[in-house]
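[1] Below: sequence and its predicted model.
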Amino acid sequence: MLLVLTPLLFGLSFLSGMLGLGVAFVAIPVLGLFGYDLKDVIQPWALLLNGLTAISGAIAFWRAGMVDRRGALILVTITTIGAPLGVWLLQFASTNFIWWLYVVVLVFLAVRMALPKGAASEDVHAITDRARARAGVAAAPISVFAGFLGVGPGFLLMPTLVLVGYSARLAAATNSVAVTLPSFSAFASHLGSAQFDWPTVIVTSVVSVIGAWLGARFTAGRVKSETLSRIFAIALVALAVQRAWILLS
């Protein structure tokens, strides 16, 4: 299983690093294919990987000067507080409900990312305080919802930042910083019931961090915002179809 998971998570982490996300939003349905328990194994494992891969990507983006630092600090504060509340709400929901909710959110975000947008500037200084404030307001419910799903808030924040005026490249870079601490705060909330095979977790963590760092460097140097949005939308649709197929089988 480790021989299969290692290259798979490396590839997924490379993709998530390109998008400025932690890997949880793609790791959760993939880990679900191996029969792990959702609440006690997959979600805490994915959150740990999410925080580690987000840090890796954030360092690469920060060094490239692509992060809206003021916006990122506002977002990371709000999401770190909100994520544990979502984990607490998890005890009141069934596993099937959570999976179907995950599918619906993926499809919604894919559609929003695929819609035509105005030409947002790649320049960090072009972001207004009003756009930062709108992103901050949206970040509160997003962080709670993401904690409930067992993922970092990145896969929800990324399209939200684009919708309030960030370019996809700038959104990816800023998002990578914003999702680090809430991933760990949500992970800490799971520790009381989490069940891990630590050797597997350690190996997959190291591989995922390397993949995310390489993906972020690739985006910083070569990938345009329009291309990044399309990649994100395609990935979301693929994950939604895969999980819906399993639920209906």
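    That came in fine, so what should we check first?
[2] Okay, now the unreliable bits of this structure?
    20-21, 113, 115-125, 219-226, 228-229 (pLDDT under 70).
[3] ok, now how distant is L73 from P153?
    15 Å (Cβ to Cβ, to the nearest Å). For glycine as for every other residue, the C-beta is placed from the backbone atoms N, C-alpha and C.
[4] surely A173 meets A64?
    Yes: at 7.5 Å, A173 counts as touching A64 under the criterion of Cβ atoms under 8 Å.
[5] Neighbour count for the two, which is higher?
    A173 (29 against 15; other Cβ atoms under 10 Å).
[6] Mind checking what helix or strand follows the helix or strand where the more buried one lies in sequence?
    Here A173 is covered by helix 168-178, with elements defined by DSSP states H and E. Counting by DSSP H and E, the next helix or strand C-terminal to helix 168-178 is helix 180-190.
[7] All the helices of the chain, residue numbers only.
    2-19, 24-32, 43-63, 69-89, 95-114, 129-149, 154-164, 168-178, 180-190, 198-222, 225-248 (DSSP state H).
[8] Deepest-packed of those helices, please.
    Highest mean neighbour count among those (mean count of other Cβ atoms under 10 Å): helix 168-178, with a mean of 30.
[9] For that one, C-alpha coordinates in PDB please.
    The C-alpha trace of helix 168-178 is given here as PDB (Å, rounded to 0.1, in the frame of the first residue of the first chain):
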ATOM      1  CA  ALA A 168      -5.500  33.000  -9.900                       C
ATOM      2  CA  ARG A 169      -1.700  33.200  -9.400                       C
ATOM      3  CA  LEU A 170      -1.900  35.700  -6.600                       C
ATOM      4  CA  ALA A 171      -4.800  33.900  -5.000                       C
ATOM      5  CA  ALA A 172      -2.800  30.600  -5.100                       C
ATOM      6  CA  ALA A 173       0.200  32.300  -3.500                       C
ATOM      7  CA  THR A 174      -1.800  34.100  -0.800                       C
ATOM      8  CA  ASN A 175      -3.900  31.100  -0.100                       C
ATOM      9  CA  SER A 176      -0.900  28.900   0.500                       C
ATOM     10  CA  VAL A 177       0.100  31.100   3.500                       C
ATOM     11  CA  ALA A 178      -3.500  31.500   4.800                       C
END
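[10] Packing partners of that helix?
    helix 2-19, helix 43-63, helix 69-89, helix 154-164, helix 198-222, helix 225-248 (3 or more Cβ pairs under 8 Å, 6 or more residues apart in numbering; DSSP states H and E).
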